[in-house]
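[1] Fold the stuff below for me.
(2 chains)
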Amino acid sequence: MHSPAKRDVLRLAKDRNVKFVRLSFVDVLGVAKNVSIPATELEAALDGKVTFDGGSIDGFVRGEELDMVLRPDPSTFALYPWSTPEMPEARLLCDIAMPDGSPFEGCPRTTLRRAIEEAKGPLAGIAVALEVEFFLFEALDSEYGSTKTADVGSYFDFSANDRGEDARSAIVAALQAMGVAVASSHHEHSPGQHEIDFPHSDPLAAADALLTLRSIAKHVAAARGLEATFMPKPLEDRAGSGLHVNFRVASEQQPEVLYMIGGLLAHAGALTAICNSTVNSYKRLVNAWDAPIYTVWSERSANALVRVPRQDPPQLEMRSPDAAGNPYLSLAVLLGALTDGVDQHRLPGDPLTGSTYELAERERHERGIGTLPKSLRQAISELDNDPVIRAALGDHIYHAFRDAKLEEYERYRRAVHPWEHRAYLRLY
Amino acid sequence: MTADELVAFAEDLARIAAGGGGPKALAGHLAKRASVGVLVEDSQWRHLAAAGGTGMPSSVQPLLAHNATAEFQKLRNGYAGRTIAIVSGDSNLGRLSIFGSSDLDTCEYAARLTASAIAVELARESGAQPGRRRTFWEQLVAEAYPDATAVRDDAAARGIVLATHYVAVALETETGEPGAFRAAALDAFRGGEGEAGVLERRGALVIFVPASREVDASNTRTAAAMLQRNLQKKELDVRISGGVGTRAPVADAHRSLAQAEAALTISRRLYGPGRVGVYEELGAYPLLLSGGGADTMRDFARRILAPLRAYDEKHQTELERTLRLYFSVGENVKTAAAELNVHRHTVFYRLRQIGEICGCKLDDPGDQLTLRMAIAIDALTG
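    Below is the predicted model of the structure:
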């Protein structure tokens, strides 16, 4: 006996003559993975009978847990817009379960589900809207991709000669065709930089939307001779790409918003490890282009970590995350921080007016304002010392993520970068 | 009381004691839960605490306020009541008496639990630490220390870890029983590093919240604003009035307390119970409450207008002039715009800026009073 949702998926797949279905999931680092099945196996997949070798996926490796079960979420069924009538292809986003059917602690999507369940009281029913920034560069024949763009547009510009504008519209159209709602899109500050905004939804749907955008953007861009990248800071002298996360709570919870802000500020260091999870992320978090660098909140300042405009229903905008990380884990830890803030009645101090970049050290001390980690290594140390955020991740993901990121940081630390050649090669 | 109610009652007593509540707070809780009058005396029949008035003869009630224990004792002998010994080991520390309930047999169990809790408190006090701490804060409030060094030396001798600065909070209920919300209030006002001070004074619960950094003071003000709501969420049926003083060095904590008590008075009179007033946000009212000479008034005017003047100086704007003119032309934006030779939208923009910089609302009568008084005093004394 199938639930109505499963029946709907099977009927839809049959009506649209779907040939293949990609069962998608993410690893601990947020990289999308998938197993493609013929449509004839869809019913079995919906019954949780499709397994995969978890031993080869980052963060899943534990000898006794190799055969993982994929648990498709029927609500995420969507046809890829580029499918041809001859070869319609659909996707389903999946949770990961243990062979005995119990939830897998290393599944990021399950981790977010748990965080949502634990977000009670004033956080029950919290809605999330994402503002996602990314670059569209010319696709050139180079090993690592290019950062070249013919675009000269800036914030909210309409750049008629830019293929990026067309590509962004095509991305939005593709998202809508897949049932992912889009609130708006516009050109961002830097040439080649764009933003797509999702409307408020439940946190799981928001993370699913970001995951979908990342794959759609790359596909649509490639079809137009472009490359889409969500790398946080591809250009040294231009603004980086962030992921602004807006939380909307019910009007009657207005006073509790202060506790939520307090939670985000109190755990900002550890949050950074998850929400800014690449070594490149920390090149965006500098005192320029309105990137946040201090644990401060404001009603209006564009470079505060948390922006809380006066409006009803109240909204909190967390401005430090970037879209290169694992969206499920990012939202899970953010919800964990919000929950802790409410539970512990954490207060955030007064809001800041003006630019945070002008804060003197003494003023920061008096106002209890901390500094965001300046490197991935520092952020991981903050994570190590934050039991609340570690608990939001769960032991399995915490250790898997930590191991993977420490190794990534070590590889980065050992690498000799072009800047070092420029600075030292001839000087010494 | 049922067995479950008694267990809950005992847990409440433990919470009150853990939150620093003394005999008065514990007696207050018994009085409230059992609807009885409660008197606590030490082994020498000296008054320690009294609470509640339910069922007491009308001739007794006024005596509670005046601690007229001797007269109270005489009356008690002829009135329906129960007296329970407060005992610690072999020592008789005093006695707890209850009055006025129609079912004193039932209340006696709760009274015995309360007497036991008070015994623990009294025994602990005779061990000196809480009493020594309380004495320190009492002396600080009484300005008994000659200088800051003496404050710190005495605190160290008593094992008190002081913060550099404190913010005083004064809280009271309509019933005058701070014990009912003591633990919740202490939980709400955590402050920064350092030890909090707690006193009961003039029927109010006084908390000296450690505030070594400005953010601690800011959070204390916010916690004050949220206190009533949080008490309700904890299903504590009390309406509190309160006041929060400004952040002061520990040696000047008595000034913060005076401000907190003034803010409490103003808040209660202006808004009624259920509000905690913050001295810094009460504008002209503290000045109106306590008056002051020319220096006090000049300081007030300077303090209120300082943010505007600093902004004008830094940004070469004329916000202060705009505000003066706006008031002088009867808040007529069109006339003010003509006088300033700017568009009226510019006047609106400036008024919004003034509100943000001064942290006030120009359409709020209280805020207007403050600004108008500051401008008037400045004109007279400037």
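[2] can you tell me the residue of the stretch 151-300 of chain B closest to chain A?
    B:V215 (3.3 Å; Cβ to the nearest Cβ). Yep, even glycine has a C-beta here, placed from its N, CA and C like the rest.
[3] A strand includes that residue, no?
    No - read with DSSP: H, G, I helix; E, B strand; the rest coil, B:V215 is helix and lies in no strand.
[4] Which of the three states applies to the closest residue to it other than its chain neighbours?
    Once flanking residues are discounted, B:V215 sits nearest to A:G368: 3.3 Å by Cβ to Cβ, 6 or more residues apart in numbering or on different chains. Put simply, A:G368 is coil when judged by three-state DSSP.
[5] Look up phi and psi at A:G368.
    In terms of degrees, to the nearest 10, the main-chain angles of A:G368 are phi 70, psi 30.
[6] residue contacts, it?
    A:G349, B:R213, B:E214, B:V215, B:D216 (Cβ atoms under 8 Å, 6 or more residues apart in numbering or on different chains).
[7] Who wins on neighbours among those?
    Within these, most neighbours by other Cβ atoms under 10 Å in any protein chain shown means B:D216, with 26 neighbours.
[8] A:V249 and chain B: what is the separation?
    As judged by Cβ to the nearest Cβ, to the nearest Å, A:V249 and chain B stand 15 Å apart.
[9] from what I can see that residue touches A:I126, true?
    Yes - taking contacts as Cβ atoms under 8 Å, A:V249 lies within contact range of A:I126: 5.7 Å.
[10] First-to-last residue distance for stretch B:246-257?
    Stretch B:246-257 has an end-to-end distance of 9 Å (Cα to Cα, to the nearest Å).
[11] can you check stretch A:38-46 too?
    13 Å.
[12] buried set for it?
    Going by neighbour count (16 or more other Cβ atoms under 10 Å in any protein chain shown), the buried part of stretch A:38-46 is A:A39, A:L42, A:A45, A:L46.
[13] Pull the number of nearby residues for whichever residue of the stretch 1-150 of chain A sits closest to chain B.
    Closest contact between the stretch 1-150 of chain A and chain B, by Cβ to the nearest Cβ, is at A:G121 (9.3 Å). Applying other Cβ under 10 Å, we find 11 residues neighbouring A:G121.
[14] Excluding covalently adjacent residues, which one is nearest to it?
    A:G121's closest residue in space is A:V342 (Cβ to Cβ, 6+ apart), at 6.2 Å.
[15] Spell out, range by range, the helices that occur in the stretch 301-428 of chain A.
    A:327-344, A:361-366, A:376-384, A:387-393, A:395-414, A:418-420 (DSSP state H, counting those that start in this stretch).
[16] what angle do the first one and helix A:376-384 make?
    Between helix A:327-344 and helix A:376-384, the angle comes out at 50 degrees (axes from the mean of the first three to the mean of the last three Cα atoms, to 10 degrees).
[17] how far does helix A:327-344 sit from the chain's center?
    14 Å (Cα atoms, centre = their mean, to the nearest Å).
[18] Looking at it now, give me its mean pLDDT.
    Here helix A:327-344 scores 96 as its mean pLDDT.
[19] Output the contacting helices and strands for that helix.
    Where contact means 3 or more Cβ pairs under 8 Å, 6 or more residues apart in numbering or on different chains; DSSP states H and E, helix A:327-344 is packed against helix A:108-118, helix A:203-223, strand A:243-248, helix A:257-266, helix A:268-275, helix A:387-393.
[20] Flag every residue of the stretch 301-428 of chain A that's near chain B.
    Residues of the stretch 301-428 of chain A lying near chain B by Cβ under 8 Å from any Cβ of the partner chain: A:H345, A:L347, A:P348, A:G349, A:D350, A:T353, A:H365, A:E366, A:R367, A:G368, A:I369.
[21] how about the third one, what does it touch?
    Think A:P348. Shown in contact with A:P348 (Cβ under 8 Å, 6+ apart): A:L258, A:I261, A:G262, A:L265, A:W297, A:V306, B:N219.
[22] wait, what's in contact with the closest residue to A:D53 other than its chain neighbours?
    Distances taken as Cβ to Cβ, 6+ apart place A:L66 nearest to A:D53, at 5.7 Å, with adjacent residues excluded. Neighbouring residues of A:L66 by Cβ under 8 Å, 6+ apart: A:D53, A:G54, A:G55.
[23] Can you tell me which of those is nearest B:G291?
    Proximity of the contacts of A:L66 to B:G291 was ranked by Cβ to Cβ; the top entry is A:G54 with 77.1 Å.
[24] got the domain boundaries for chain B?
    With domains defined by automatic domain parsing, chain B comprises B:3-126, B:161-282, B:291-381.
[25] Tell me which of those is the most buried.
    Stretch with highest mean neighbour count among these: domain B:161-282 (a mean of 21; mean count of other Cβ atoms under 10 Å in any protein chain shown).
[26] And it, end to end?
    32 Å.
[27] would A:A90 count as being in a strand?
    Yes - judged by three-state DSSP, A:A90 forms part of a strand.
[28] Any idea how many residues pack against it?
    22.
[29] what about A:A239, distance to chain B?
    A:A239 sits 27 Å away from chain B, going by Cβ to the nearest Cβ.
[30] List the contacts of the closest residue to that residue other than its chain neighbours.
    Nearest residue to A:A239, sequence neighbours excluded (Cβ to Cβ, 6+ apart): A:W289, at 3.7 Å. Contacts for A:W289 (Cβ under 8 Å, 6+ apart) come out as A:H189, A:R238, A:A239, A:G240.
[31] how about 7 Å then?
    A:H189, A:A239, A:G240 (Cβ atoms under 7 Å, 6 or more residues apart in numbering or on different chains).
[32] What separation do you get for it and chain B?
    Taken as Cβ to the nearest Cβ, the span from A:W289 to chain B is 24 Å.
[33] A:L338 reaches A:G263, doesn't it?
    Yes - using Cβ atoms under 7 Å, A:L338 is in contact with A:G263, at 5.1 Å.
[34] So what does A:K374 have for phi and psi?
    Note on A:K374: backbone dihedrals following degrees, to the nearest 10 are phi -100, psi 0.
[35] isn't it right next to A:Y282, touching?
    Yes - counting by Cβ under 7 Å, A:K374 does reach A:Y282; the two are 6.0 Å apart.
[36] More neighbours: those two, which one.
    Higher neighbour count among A:K374 and A:Y282: A:Y282, with 20 against 14, using other Cβ under 10 Å.
[37] On the three-state scheme, B:I84 is what?
    Following three-state DSSP, the label given to B:I84 is strand.
[38] residues touching B:M226, list them.
    Residues in contact with B:M226 (Cβ under 7 Å, 6+ apart) are A:P255.
[39] Show me what the spatially most central residue of chain B is bridged to.
    With distances taken as Cα atoms, centre = their mean, B:A170 lies nearest the centre of chain B, 1.1 Å away. Counting by DSSP bridges, B:A170 is bridged to B:V206, B:G243.
[40] now swap in B:P249 and tell me
    B:H165.
[41] possible to save the contacts of A:L66 as JSON lines with neighbour count and pLDDT?
    JSON lines is the format used below for those (neighbours: other Cβ atoms under 10 Å in any protein chain shown; pLDDT from 0 to 100):
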{"residue": "A:D53", "neighbour count": "11", "pLDDT": "80"}
{"residue": "A:G54", "neighbour count": "23", "pLDDT": "76"}
{"residue": "A:G55", "neighbour count": "14", "pLDDT": "72"}
